[in-house]
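Trainee: have a look; sequence and predicted model below, questions after that.
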Amino acid sequence: MSRSKRKGKVYYRDCAVVLTYHDLDPDVHLNSPYCLTPRLFGEHLDALKQNGFKIINMESFIKFMKSGKRIPPNAVVITFDDGEKSFYTYAYPLLMQRCVKATNFIVGKKIDAGRGISWDQMREMKQNGFSFYSHTYNHHRNSNYGENKRLLTSPQFLENENRLESEIEYEHRVLDDLSLIENRIQEELGEQTKLLSFPFGAYNDKVVEIGQSMGIELFFTVNRGLNHAGQWLVKRINAGEGDLSPESLIQLILNYAGQKS
């Protein structure tokens, strides 16, 4: 199907696709699972427009998910994880040139340590319609107990006491971390809806329970698919692979929408 025919086609309605990116780098090597060039990211944005997709901001997505407020057919949300400096340096100008907005889920300790976008940069971007939410304060890392276990969902080994933390200690640690990042966001950016992107996509019932108890309304996963009003676990499609061509991105979305190219 030609792009001109695709532009007016409705692939899906009353649902939304959420795309995930991480980092942009002009010198990135191909086949990276987390990084692509700014040029390729711009081509992704152009391909979405040329094929009739409508990029909506996070505020519109939240209202749709929470109350069913209408969104356009073929709605797409652009998200980034980790709060990398490249979001301000490369992604922000490309998005602004195309008059579309994006969201970044930030790791609080990384930001406070000066290893990511700054709070001042976030305030500037927020004034232009961009948004920033939690990717935990300091739980975007592995537990020190067991292979490939994530800190948000697994116990820590308390070396000074030569034991694993108890269930209560685990719960308090998770609550303290999630509360700290929300407090930092509120201090720096003002009050806003609480959202959480799970580091590495890892979560369990206890993390969700703790998050909901402190007012987190939507949880962003790495599970792929379309999103419908009323869900609280948000599905996302990884669009940030270094070798994902614009054509492949469109086909990936169409696959989940049950459409053919």
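Mentor: Received, thanks.
Trainee: what residues sit buried inside stretch 59-73?
Mentor: 60, 61, 62, 63, 64, 65, 71 (16 or more other CB atoms under 10 Å). Bear in mind the C-beta positions are built from the backbone N, C-alpha and C, glycine included.
Trainee: let me see the mean pLDDT of it.
Mentor: Average pLDDT, stretch 59-73: 97.
Trainee: now that stretch - C-alpha only, PDB.
Mentor: Provided in PDB are the C-alpha atoms of stretch 59-73 (Å, rounded to 0.1, in the frame of the first residue of the first chain):
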ATOM      1  CA  GLU A  59      -1.600  13.900  29.400                       C
ATOM      2  CA  SER A  60      -4.100  12.900  26.600                       C
ATOM      3  CA  PHE A  61      -3.100   9.300  27.100                       C
ATOM      4  CA  ILE A  62      -3.600   9.400  30.800                       C
ATOM      5  CA  LYS A  63      -7.100  10.900  30.400                       C
ATOM      6  CA  PHE A  64      -7.900   8.200  27.800                       C
ATOM      7  CA  MET A  65      -6.700   5.300  30.100                       C
ATOM      8  CA  LYS A  66      -8.300   6.700  33.200                       C
ATOM      9  CA  SER A  67     -11.600   8.000  32.000                       C
ATOM     10  CA  GLY A  68     -12.000   6.900  28.400                       C
ATOM     11  CA  LYS A  69     -11.600  10.400  26.900                       C
ATOM     12  CA  ARG A  70     -11.500  10.200  23.200                       C
ATOM     13  CA  ILE A  71      -8.200  10.100  21.300                       C
ATOM     14  CA  PRO A  72      -7.600  10.100  17.600                       C
ATOM     15  CA  PRO A  73      -7.500   6.800  15.600                       C
END
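Trainee: so residue 193 sits against residue 62, correct?
Mentor: Yes. Counting by CB atoms under 8 Å, residue 193 touches residue 62, with 5.6 Å between them.
Trainee: for residue 24, state which of the buried residues of stretch 59-73 is nearest.
Mentor: Using CB to CB, residue 61 comes nearest to residue 24 of these, at 22.1 Å.
Trainee: follow-up on the earlier one: most widely separated two among the buried residues of stretch 59-73?
Mentor: 62 and 71 (10.7 Å).
Trainee: and the longest strand seen in the chain, what does it pack onto?
Mentor: Ranked by residue count under DSSP state E, the longest strand found in the chain is strand 75-82. Contact partners of strand 75-82 among helices and strands, from 3 or more CB pairs under 8 Å, 6 or more residues apart in numbering; DSSP states H and E: strand 16-21, strand 54-55, helix 58-67, strand 103-106.
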